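>>> Coordinates only, no sequence provided:
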């Protein structure tokens, strides 16, 4: 049941949502306490004492079974919390825990409605995320990556990265390969995988990003620009240090990477290895070493082999 709920809800606080059901306006109780609370509720009974006890037990058992056996109640509570429909969530919880709970058919129908509402909201968010991401290949997916034997791609690693656990941990990905190897496509595929999980993604070519950063620095707005970029869970920086950069750029780049080191992820795509990055940063200076050091220690490496250009496949 928990796996089913995680799949449907798709939010970070799912476990907290699954482990509790709201039974009053101000309290969240675990299922065991919920059962005890229901058992302690008073129910209107006939005057006959023996009949009274029997009917009371049957009514309590029916309510407890309905809450325990029907995962729809838990899913509804979690989704309403996710949608921030607090008034509706409290009213539904009060109804479920009351003396006259709704029928199972009502609960199932309401369950379908809130799931539909969540999916509609998530589709809207996904559309916005993909539009803002500005991915070069918006049709790229992990499933359409070509695992040609000459490319020697690590499929297990790419499949693991597609779960986006590295984003939760603030880790990075480096994609290395020659010109035309398909680095941009794989970057976009991982970016799309993140977008589908509603992580905020943004794609840049390094020259484009440095122009933005350097312009902001000249106008004394670098901190503001870094704050804007901090809102994205995943940055994709293509053509990373493929060529030498001007003298003003390394310091601005360091400021960005320092900010990203605080639990924000980056995908770097480059034809150069880290030792060549140092050269393109102007040599093995403390500043250059600081930049590379912030990348290489919490990074997964995807190495693309082979000399065939994947652009040949794009020809009409």
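Yep, it's here. It should be emphasised that the depicted structure is a prediction, and the values quoted were computed from it without experimental measurement.

>>> Please make it C-alpha for all contacts and neighbour counts, starting now.
OK.

>>> Okay, buried residues for stretch 269-279 please.
For stretch 269-279, the neighbour count (16 or more other Cα atoms under 10 Å) marks 269-272, 274, 277-279 as buried.

>>> And those residues, which is closest to residue 108?
Of all the buried residues of stretch 269-279, residue 269 has the smallest distance to residue 108: 47.3 Å, by Cα to Cα.

>>> Off-centre distance for the helix or strand where residue 94 lies?
Under the criterion DSSP states H and E, the helix or strand holding residue 94 is helix 86-97. A distance of 28 Å separates the centroid of the chain from that of helix 86-97, by Cα atoms, centre = their mean, to the nearest Å.

>>> Ok, stretch 174-182 next?
On Cα atoms, centre = their mean, the centre of stretch 174-182 falls 26 Å from the chain's centre.

>>> One more: stretch 73-85?
So, by Cα atoms, centre = their mean, the centroid of stretch 73-85 is 18 Å from its chain's centroid.

>>> Also stretch 293-313?
So, by Cα atoms, centre = their mean, the centroid of stretch 293-313 is 23 Å from its chain's centroid.

>>> can you check stretch 71-86 too?
That offset, for stretch 71-86, works out to 19 Å (Cα atoms, centre = their mean).

>>> ranges for the strands of the stretch 151-300 of the chain?
Counting by DSSP state E, counting those that start in this stretch, the stretch 151-300 of the chain has strands at residues 172-176, 201-205, 234-238, 265-270, 299-303.

>>> will you turn the ones you listed into JSON lines that also has mean pLDDT and distance to residue 212?
As requested, these are exported to JSON lines (pLDDT from 0 to 100; distance: least, Cα to Cα, whole Å):
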{"stretch": "strand 172-176", "mean pLDDT": "98", "distance to residue 212": "22"}
{"stretch": "strand 201-205", "mean pLDDT": "98", "distance to residue 212": "10"}
{"stretch": "strand 234-238", "mean pLDDT": "98", "distance to residue 212": "13"}
{"stretch": "strand 265-270", "mean pLDDT": "98", "distance to residue 212": "17"}
{"stretch": "strand 299-303", "mean pLDDT": "96", "distance to residue 212": "25"}
